[in-house]
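[1] sequence isn't available, so here's the structure alone:
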């Protein structure tokens, strides 16, 4: 699977493509042997660069995250949260008839963070809880501040 590593304000990010869709975004540098700037990975890099420059508010990329049906439902709702907006784990749970803890597990399993914006999901009362990306809550706060969310 081709990968492309790019710098970002949150550290190096590596995008992974499979069958014409993005399947992962990981913190850190991917193996040199897999680095290949495919058209999709170049477009994803451009969109991420524009996002970090506050010039892009919604990603438009083909995504194919691997996960259960429930995980994909949670990730779809996260993709609907607008730039600068937030929901709680409980809000999403109510929409799906699930408990907040199950939503949190799905958020933590998100293979394409930032693009599938799990950083926009908060604990009850807007509490800052967990983030699976490098830097944990500090990175979550940085992404929300980039989007103008007042914390």
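    Nice, thanks for sending it over. Predicted model, so just to flag it, every value in this text is computed and none were measured.

[2] any idea how far residue 13 is from the most far-flung residue of the chain relative to its centre?
    In the chain, the residue that sits farthest from the middle, by Cα atoms, centre = their mean, is residue 33; the gap is 24.8 Å. Per Cβ to Cβ, to the nearest Å, residue 33 is found 18 Å from residue 13. Where C-beta positions appear, they are placed from N, C-alpha and C, glycine not excepted.

[3] which element follows the biggest helix by length in the chain toward the C-terminus?
    Longest helix in the chain by number of residues (criterion: DSSP state H): helix 39-52. Going down the chain from helix 39-52, the next helix or strand is helix 69-80, by DSSP states H and E.

[4] nearest spatial neighbour of residue 100, skipping sequence neighbours?
    Excluding the flanking residues, the one nearest residue 100 by Cβ to Cβ, 6 or more residues apart in numbering is residue 89, at 3.9 Å.

[5] phi first, then psi, for the residue nearest the centre of the chain.
    Closest residue to the average C-alpha location of the chain: residue 113 at 1.9 Å, with Cα atoms, centre = their mean. Here is the backbone geometry of residue 113 (degrees, to the nearest 10): phi -60, psi 160.

[6] repeat for residue 87
    phi -130, psi 170.

[7] I'd say it and residue 74 touch.
    No. Here residue 87 does not reach residue 74: they are 10.5 Å apart, not a contact under Cβ atoms under 8 Å.

[8] okay, those two: which has more neighbours?
    residue 74 (29 against 18; other Cβ atoms under 10 Å).

[9] how about the contacts made by that one?
    Residues in contact with residue 74 (Cβ atoms under 8 Å, 6 or more residues apart in numbering) are 92, 96, 103, 106-107.

[10] same list (those) but as CSV, adding secondary structure, pLDDT and distance to residue 123.
    Shown next, in CSV, are the contacts of residue 74 (DSSP: H, G, I helix; E, B strand; the rest coil; pLDDT from 0 to 100; distance: Cβ to Cβ, whole Å):
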residue, secondary structure, pLDDT, distance to residue 123
92, helix, 97, 12
96, helix, 96, 17
103, helix, 96, 11
106, helix, 95, 15
107, helix, 93, 11
